[in-house]
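**Q** Sequence first, then the predicted structure, then my questions.
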There are 2 protein chains.
Amino acid sequence: MDCIFCKIIAGKIPCDKVYENDEVIAFLDIAPISRGHALVAPKRHFQDLAVTPAETVSAMMRVLQLIAPAVLRVTHAPAFNVGINNGAAAGQVVPHTHFHLIPRTDGDGLKSWPHQRYGPGEGAALAKDIAAAVS
Amino acid sequence: MDCIFCKIIAGKIPCDKVYENDEVIAFLDIAPISRGHALVAPKRHFQDLAVTPAETVSAMMRVLQLIAPAVLRVTHAPAFNVGINNGAAAGQVVPHTHFHLIPRTDGDGLKSWPHQRYGPGEGAALAKDIAAAVS
C-alpha cells in the first residue's frame, strides 16, 4: 500500500479531517488554493475518476454536497469550485481519485482559463465525431 | 423561461450535442478552453450544484463518465479536468447547473492555480470548525 491517501484513510498519516462515513473521507488539502480547500476521496482505492464506479462517484458527490455549505459558512465564501484532475496531464498528483472543493470569494485573484472559438462548422463536426464515439 | 440552457434543451437554440438521455444533455462549450470542452447539464433546471438533487448529480456524473473516453479518443487527449463553478464568484456564468469536461494534453499551457500553506495549527482548527458545521 504505497498510496498516500490510502495511508491517510488507514490512519497511518494524519490529516485535517472534516467528515467521513463508511465509504468516503473529506479532509483539508495541505497546500490549499484557498482557505478551506477540501478533498473528497473514497476509502477504496481507485486510480482516477475514469475508473471509479458510478456508485462510488455518487457517494463522493453526496459528501461534497453535504460539506460544501459548512466549508462556505466557516470560510465566509459565497461560492466554490469543484475540480477533478483525471491524469497527470490534467494535474492529477495523487493517483487515488478525489474531488477538490475550493471556496471562492470575489477578488480572490484566481483566474479562469482562457477561452477560444471554433471555426465555422468545426464544433458541429467535432460533436458528431464524439457522439459517434460514445459507446 | 429565460435560461439559455433550458432553451438549448428545448431545441429553441442550437447546440453541438454529443449525447443526451432522458435526464441529461451534453454538448460542446461554444467558447472552449480546449478542443472538445463539453458541458454536461440536467434537463430540469436547477440553479447550481448546491441545489441540485443528489440523484440528478449522479445522473450527470454517469453521463460525464460515459462521454469522457469518447471525448479523449476523438481529441487525442490523455487526460481531462472536470470543473464545476458554483456561484458567480466561482465563475458560474449560466445559472443552470452544469459540469465542464476539459480535455488536457501535456504542454497545453493551462496552469493550475497557486497553492498556499497553513500556519502551525491553522489547518487543524479550521477542519475542526468545518466538521462541527457539517449538518
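**A** Nice, I can see it. Residues are numbered from 1 along each chain as shown, chains lettered A, B, ... in the order given.
**Q** would you list every one of the helices in chain A?
**A** Using DSSP state H, the helices of chain A run over residues A:4-9, A:54-75, A:122-133.
**Q** I'd guessed A:P114 sits against B:I33; true?
**A** Yes: between A:P114 and B:I33 there is a contact under CB atoms under 8 Å: 7.1 Å. Glycine gets a C-beta too; all of them are placed from N, C-alpha and C.
**Q** Between these two, tell me which one has more neighbours.
**A** B:I33 (20 against 9; other CB atoms under 10 Å in any protein chain shown).
**Q** can you pull the pLDDT of the nearest residue to that one once chain neighbours are set aside?
**A** Nearest non-adjacent residue to B:I33, counting by CB to CB, 6 or more residues apart in numbering or on different chains: A:W113, 4.7 Å away. At A:W113, the pLDDT value in this model is 96.
**Q** State the distance from the closest residue to A:A54 other than its chain neighbours to A:N81.
**A** Nearest residue to A:A54, sequence neighbours excluded (CB to CB, 6+ apart): B:R62, at 5.2 Å. Using CB to CB, to the nearest Å, B:R62 is found at 21 Å from A:N81.
**Q** how far does stretch A:108-122 sit from the chain's center?
**A** The chain centre lies 21 Å from the centre of stretch A:108-122; the measure is CA atoms, centre = their mean, to the nearest Å.
**Q** Share the number of residues neighbouring A:S135, please.
**A** 7.
**Q** picking up where we left off before, quick one: which of B:R62 and A:N81 has more around it?
**A** When B:R62 and A:N81 are compared for neighbours, A:N81 comes out ahead with 25 against 18, by other CB under 10 Å.
**Q** My read is that that one contacts A:D108, right?
**A** No: applying CB under 8 Å as the test, A:N81 and A:D108 come out as separate, 10.7 Å apart.
**Q** returning to that earlier point: count of residues packed around the residue nearest to B:I33?
**A** Neighbour number of A:W113 under other CB under 10 Å is 18.
**Q** And A:F5, how far from A:D29?
**A** 12 Å.
**Q** hang on, I meant A:F80
**A** 13 Å.
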